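Chemist: okay, here's the prediction I keep looking at, along with the sequence it came from:
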Number of protein chains: 2
Amino acid sequence: MARSTLYQQVASELRRAIYSGDLGPGDQLPTEADLMHSHGVSRNTVRLALGELVNEGLVTRTPRRGTVVRDRRPLLMYPQRELEPQSEGGPREAFAYAVSHEGRLPGQVIEVSIVAPPEDVAIRLELADDGLAVVRKRLRFVDGQPYNTNDSYFPLSLVAGSEIARPGDIMRGANRVLDELGHPQVRIVDDISARMPTPAEAQRLMLEPGTPVVVYIRVGYDPDDLPVRVAVSVLPADKHLIRYELTRR
Amino acid sequence: MARSTLYQQVASELRRAIYSGDLGPGDQLPTEADLMHSHGVSRNTVRLALGELVNEGLVTRTPRRGTVVRDRRPLLMYPQRELEPQSEGGPREAFAYAVSHEGRLPGQVIEVSIVAPPEDVAIRLELADDGLAVVRKRLRFVDGQPYNTNDSYFPLSLVAGSEIARPGDIMRGANRVLDELGHPQVRIVDDISARMPTPAEAQRLMLEPGTPVVVYIRVGYDPDDLPVRVAVSVLPADKHLIRYELTRR
């Protein structure tokens, strides 16, 4: 157990330096040789300590740059903004708004298809056993880097023939189309949880090891309390912060 | 790369069985020998596949019971409930309410102390450089198992001499005491993010490997927009789901 204690001590000192800000985002940690010398420990102990920090998502290790503190400044998401009356000409969508607001460049690729949705989505949409949905799958980018995914499902029976079921972006937003179809979303239920990514998600979002994802699922109900949209967002945890503002009645 | 493809195939089939519900919480996966035989692969390939599922938090491996699907039914938290008018005699607190509601037994240990709070808390509380806070640290239990932590910080200058600064539980809740001190929380900002746990958190909350935590930080402001409470909750991601309900204006 002596070795375990030793590497944890080294990890702990480095962690403190990161949390205190002595080592900021982008800063290089001392080299393995420096750490061996300053702590009087073996290379193996140093590597165990650094491995621990990688697993916690605090640093990344690359052959060229060594060990570097990760940039943990997250994108601030305001899920309530989607419900506010839209200003003419402004960004129609919470993600694009948040990114533009920070002076960064939002982007997305969108794929539209008709599917038998995953079971948890089918349940939320209250679909019959063989019920189909239109899904609009988006991979979103910030400054050209993959950032998160957002898959919105709509009952096919509701949106067939509308713009929602056709490929490509909808300039005024899918929510406006639902309004026009007579199914405005007047009540919203947001479920937020987190987990480790699947291998496919890790690859698609170019996640580094030890990065969990926040899964944020929004269900929109029309005035008859019929679920008309299920939006599943997968948000890499190191890059996103979700904020709600509430007022006491 | 052939081996990588092979173990990912095995992992993928098991993952599908879990997501589809064919393998439910508490179910044992086939033994290593069975998986080697049914997939025609080596023991090493099987172990790589199972390791992947452990990392994703889908299964646990113990020498005695083998590989078992984790119980992923989370505790449903409603952060908005704390703001509603309190019914007499009902549970005063969102956590106790949610747990009791599921027929499970809530519990907590509480430690009260006066501290120089961590920098991010001091900033949120708008404390001066040498400003002190009263912190009420809670470790919460469900059916006797450690479940999450909730640390609430209050400016010492505001709560000195009140029940908040004294050890032990406050039967009517700390929020009620703030009301009585003339600092009701009328505006709330909730920040939600996720990360891997620190080693201390993993130990305190008895987390299994590959379990991220949701960090949920609530700041309460009084009518003069003065921050009067910062509550930091650390919620193991496999055991919690946060739900907000919103109405469109």
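Modeler: Perfect, thanks for sending it. Numbering: from 1, shown residues only, chains lettered A, B, ... in the order given.
Chemist: where's the residue of chain A positioned farthest from its centre relative to B:V41, distance?
Modeler: Taking C-alpha atoms, centre = their mean, the residue of chain A most remote from its mean C-alpha position is A:G40, at 40.5 Å. Computed as C-beta to C-beta, to the nearest Å, the A:G40 to B:V41 distance reads 45 Å. The C-beta positions use only the backbone N, C-alpha and C, and glycine is treated the same way.
Chemist: now A:P212
Modeler: 29 Å.
Chemist: looking at the two now, which is surrounded by more residues?
Modeler: A:P212 (26 against 18; other C-beta atoms under 10 Å in any protein chain shown).
Chemist: now do the helices in chain A.
Modeler: Using DSSP state H, the helices assigned to chain A run over residues A:2-20, A:32-39, A:43-55, A:94-101, A:119-124, A:156-159, A:174-180, A:199-204.
Chemist: need the residues that contact the longest one.
Modeler: So that's helix A:2-20. A:23, A:29, A:35, A:39, A:41, A:45-46, A:48-50, A:52-53, A:56, A:58-59, A:69, B:119, B:198-199 (C-beta atoms under 8 Å, 6 or more residues apart in numbering or on different chains).
Chemist: kindly write the ChimeraX command that selects the buried subset of those.
Modeler: Of those, the buried ones can be selected in ChimeraX as follows, counting by 16 or more other C-beta atoms under 10 Å in any protein chain shown:
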select /A:23,29,35,39,41,45,46,48,49,50,52,53,56,58,59,69 /B:198,199
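Chemist: circling back to that earlier point, ok, which of the helices of chain A comes nearest B:S100?
Modeler: helix A:119-124 (25.9 Å; C-beta to C-beta).
Chemist: now that closest one: buried residues?
Modeler: Buried, per 16+ other C-beta under 10 Å, within helix A:119-124: A:V121, A:A122, A:R124.
Chemist: can you lay out the helices of chain A as CSV showing mean pLDDT?
Modeler: Converted to CSV, these look like this (pLDDT from 0 to 100):
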stretch, mean pLDDT
helix A:2-20, 77
helix A:32-39, 93
helix A:43-55, 85
helix A:94-101, 77
helix A:119-124, 85
helix A:156-159, 95
helix A:174-180, 93
helix A:199-204, 92
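Chemist: would you list the ones you listed in CSV and tack on distance to A:P146?
Modeler: Listed next are the helices of chain A as CSV, based on distance: least, C-beta to C-beta, whole Å:
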stretch, distance to A:P146
helix A:2-20, 25
helix A:32-39, 31
helix A:43-55, 21
helix A:94-101, 13
helix A:119-124, 22
helix A:156-159, 27
helix A:174-180, 22
helix A:199-204, 7
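Chemist: wait, which of those helices is closest to B:I217?
Modeler: helix A:2-20 (15.3 Å).
Chemist: ok and that closest one relative to helix A:43-55, angle-wise?
Modeler: Interaxial angle of helix A:2-20 relative to helix A:43-55 (axes from the mean of the first three to the mean of the last three C-alpha atoms, to 10 degrees): 40 degrees.
Chemist: re earlier: for the residue farthest from the centre of chain A, report the pLDDT, please.
Modeler: Note on A:G40: pLDDT of 92.
Chemist: cool, and A:R249?
Modeler: For A:R249, the predicted pLDDT is 66.
Chemist: burial of A:S113, as a residue count?
Modeler: Neighbourhood size, A:S113 [other C-beta under 10 Å]: 11.
Chemist: now the closest residue to it other than its chain neighbours: how far from A:E13?
Modeler: Spatial nearest neighbour of A:S113, chain neighbours left out: A:V135 (5.9 Å); criterion: C-beta to C-beta, 6 or more residues apart in numbering or on different chains. For A:V135, the distance to A:E13 (C-beta to C-beta) stands at 48 Å.
Chemist: who has more neighbours, these two?
Modeler: Remark: of A:V135 and A:E13, A:V135 carries more neighbours, 20 against 13, as counted by other C-beta under 10 Å.
Chemist: hmm, the more buried one is touching A:Y153, no?
Modeler: Yes - if you go by C-beta atoms under 8 Å, A:V135 and A:Y153 touch, sitting 5.0 Å apart.
Chemist: mind listing the shared neighbours of these two?
Modeler: With C-beta under 8 Å, 6+ apart as the test, A:V135 and A:Y153 both reach A:P117.
Chemist: could you list the domains of chain A?
Modeler: For chain A, automatic domain parsing gives the domain ranges A:2-69, A:75-242.
Chemist: how far does the longest one sit from its chain's centre?
Modeler: It stands for domain A:75-242. 11 Å (C-alpha atoms, centre = their mean, to the nearest Å).
Chemist: now do the first one
Modeler: Its chain's average C-alpha position is 27 Å from that of domain A:2-69, according to C-alpha atoms, centre = their mean.
Chemist: count the neighbours of A:V232 for me.
Modeler: 22.
Chemist: bridging residues for it?
Modeler: A:D151, A:I217 (DSSP bridges).
Chemist: residues in contact with it?
Modeler: Counting by C-beta under 8 Å, 6+ apart, A:V232 has contacts A:V121, A:N150, A:D151, A:S152, A:Y153, A:V215, A:Y216, A:I217.
Chemist: touching, the last one and A:V234? I think so.
Modeler: Put plainly, it is A:I217. No - using C-beta under 8 Å, A:I217 makes no contact with A:V234, being 10.0 Å away.
Chemist: follow-up on the earlier one: okay if I get the domains of chain A as a markdown table plus distance to B:T5?
Modeler: Shown next, in a markdown table, are these (distance: least, C-beta to C-beta, whole Å):
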| stretch | distance to B:T5 |
| --- | --- |
| domain A:2-69 | 25 |
| domain A:75-242 | 11 |
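Chemist: out of those domains, which one sits most buried?
Modeler: Looking across the domains of chain A with neighbours counted as mean count of other C-beta atoms under 10 Å in any protein chain shown, the highest average goes to domain A:75-242: a mean of 17.
Chemist: quick check, pLDDT for the nearest residue to A:R229 once chain neighbours are set aside.
Modeler: Using C-beta to C-beta, 6+ apart and skipping the chain neighbours, the partner closest in space to A:R229 is A:G220 (4.2 Å). pLDDT recorded at A:G220 is 96.
Chemist: cool, A:G90 as well?
Modeler: For A:G90, pLDDT reads 53.
Chemist: what of A:P146?
Modeler: On the pLDDT scale, A:P146 gets 92.
Chemist: quick check: the gap between it and A:A202.
Modeler: Going from A:P146 to A:A202 by C-beta to C-beta gives 11 Å.
Chemist: what's the answer for A:R104, then?
Modeler: 23 Å.
Chemist: and what of A:G220?
Modeler: 29 Å.
Chemist: try A:L156
Modeler: Distance from A:L156 to A:A202, counting by C-beta to C-beta: 31 Å.
Chemist: go on, A:D27?
Modeler: 25 Å.
Chemist: go on, A:T149?
Modeler: Following C-beta to C-beta, the distance that separates A:T149 from A:A202 is 12 Å.
Chemist: try A:A49
Modeler: Distance, A:A49 to A:A202, by C-beta to C-beta: 24 Å.
Chemist: give the contact list for A:L76.
Modeler: A:A98, A:L241, A:R243.
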